[in-house]
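A.B. asks: no sequence for this one, just the structure:
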Ligand code: NAD
């Protein structure tokens, strides 16, 4: 029987503890932790993500401020907003919601955030610390995968792990976190010859390629642990879509083929996704504590 690794359950469990930790920070520091969320333009998906992050902050007692900027803003004007938040002592974390509208550099905007106020862990300062083995905060999604493994007592040490994808947001830091946990790590990517022969040897496979349901049973050895980071909305009526032609969320893995083949798998939805927001909240508190 394949075990379902529920990120929803892990996030809820950790959230209850986080509420207590935030209260304890408030009583010691006489102020709540603060997260500033910067949204440029009106991308509907980004608006939903920002709303969810603000709601999650409220739930645990982190004060969030929302900075909505028009998509006509220049790179310099965006940097001025970030500089103001960098200098604001009530702000512990600054999150610039990606993607930014065309014409704005995500790299420059991210780098403008002080690493000490970067709860996403995506500035080169924080990625550098992660790769040097002196982590301040690790990027939220791969950190969330590690916390799922920790919650379900999945042993990583000594195992062979393959990460599919090498982005700065997911793949690279995921590989580093697995390495730190003493796995033997391989990173596969779009130029990998014969992906199947690589992943089918692994005890643990983390998939973050951004391709809907492209990995079926033949990519995994029996008894493997699978974390599916991908998230896609299958269009109405697409093969594999929901009943009555309704759209449905799916990951990079064809989960239905893995039941009774994998030892454990994260579902989509309800797997890695809920952990990303939870890790953002935990990282914000960590930065607040470090500043205090
Ligand atoms: P990305 O496009 O930046 O990177 C994708 C990586 O996958 C690249 O390194 C590429 O080399 C590799 N790749 C692409 N096709 C491949 C193939 N056929 N075989 C092997 N490797 C291949 O994407 P990303 O930002 O890393 O995100 C990956 C996926 O994870 C997306 O579906 C994204 O929506 C999802 N995501 C989910 C969360 C979450 O909270 N659940 C967070 C971030 C990203």
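C.D. replies: Nice, thanks for sending it over. Note that the structure is predicted; figures quoted are calculated from it, not measured.

A.B. asks: which residues sit in contact with residue 36?
C.D. replies: Residue 36 makes contact with 64, 65, 67, 85, 88, 91, 93, 94, 95 under the criterion Cβ atoms under 8 Å, 6 or more residues apart in numbering. Bear in mind the C-beta positions are built from the backbone N, C-alpha and C, glycine included.

A.B. asks: the strands in the stretch 101-250 of the chain, which residues?
C.D. replies: In the stretch 101-250 of the chain, the segments counted as strands under DSSP state E, counting those that start in this stretch are 160-164, 184-188, 204-207, 225-228, 232-234, 248-250.

A.B. asks: residue 11 against residue 276, yeah?
C.D. replies: No: the pair residue 11 / residue 276 is not scored as a contact, 9.1 Å apart, by Cβ atoms under 8 Å.

A.B. asks: what's around residue 228, how many residues?
C.D. replies: Per other Cβ atoms under 10 Å, the neighbour tally for residue 228 reads 27.

A.B. asks: sorry, back to before: any chance of the strands of the stretch 101-250 of the chain in a markdown table, with mean pLDDT too?
C.D. replies: Listed next are those as a markdown table, based on pLDDT from 0 to 100:
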| stretch | mean pLDDT |
| --- | --- |
| strand 160-164 | 99 |
| strand 184-188 | 98 |
| strand 204-207 | 99 |
| strand 225-228 | 98 |
| strand 232-234 | 90 |
| strand 248-250 | 93 |
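
A.B. asks: returning to what we had before: can you flag the buried ones in the contacts of residue 36?
C.D. replies: Burial by neighbour count, 16 or more other Cβ atoms under 10 Å: within the contacts of residue 36 this picks out 64, 65, 67, 85, 91, 93, 94, 95.

A.B. asks: which two in those are spaced the farthest apart?
C.D. replies: 67 and 93 (12.9 Å; Cβ to Cβ).

A.B. asks: on that earlier part again, and of the buried ones among the contacts of residue 36, the nearest to the ligand?
C.D. replies: residue 95 (13.4 Å; Cβ to the nearest ligand atom).

A.B. asks: quick one: name the residues of the protein near the ligand.
C.D. replies: Taking Cβ under 6 Å from any ligand atom as the contact definition, the chain meets the ligand at 141, 164-167, 169-171, 188-190, 192, 195, 208-211, 229-231, 272-273, 276.

A.B. asks: residues near the residue lying closest to residue 249 once chain neighbours are set aside, how many?
C.D. replies: Nearest residue to residue 249, sequence neighbours excluded (Cβ to Cβ, 6 or more residues apart in numbering): residue 269, at 4.7 Å. Per other Cβ under 10 Å, the neighbour tally for residue 269 reads 14.

A.B. asks: surely residue 269 touches residue 233?
C.D. replies: No: using Cβ under 8 Å, residue 269 makes no contact with residue 233, being 10.2 Å away.

A.B. asks: between these two, which contacts overlap?
C.D. replies: Joint contacts of residue 269 and residue 233 (Cβ under 8 Å, 6+ apart) are residue 249.

A.B. asks: low-confidence stretches in the stretch 51-200 of the chain?
C.D. replies: The model of the stretch 51-200 of the chain has no residue with pLDDT under 70.

A.B. asks: mind giving me the domain split of this protein?
C.D. replies: Following automatic domain parsing, one gets these domains for the chain: 30-115, 140-273.

A.B. asks: for residue 100, which residues are in contact?
C.D. replies: By Cβ under 8 Å, 6+ apart, the neighbours of residue 100 are 40, 41, 78, 106, 109.

A.B. asks: what's the pLDDT at the second one?
C.D. replies: The reference is to residue 41. On pLDDT, residue 41 comes in at 97.

A.B. asks: identify each buried residue in stretch 73-87, please.
C.D. replies: Buried, per 16+ other Cβ under 10 Å, within stretch 73-87: 73, 78, 79, 81, 82, 85, 86.

A.B. asks: would a markdown table of those residues with distance to residue 184 and secondary structure be doable?
C.D. replies: Converted to a markdown table, these look like this (distance: Cβ to Cβ, whole Å; DSSP: H, G, I helix; E, B strand; the rest coil):
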| residue | distance to residue 184 | secondary structure |
| --- | --- | --- |
| 73 | 46 | coil |
| 78 | 42 | helix |
| 79 | 42 | helix |
| 81 | 44 | helix |
| 82 | 39 | helix |
| 85 | 41 | helix |
| 86 | 40 | helix |
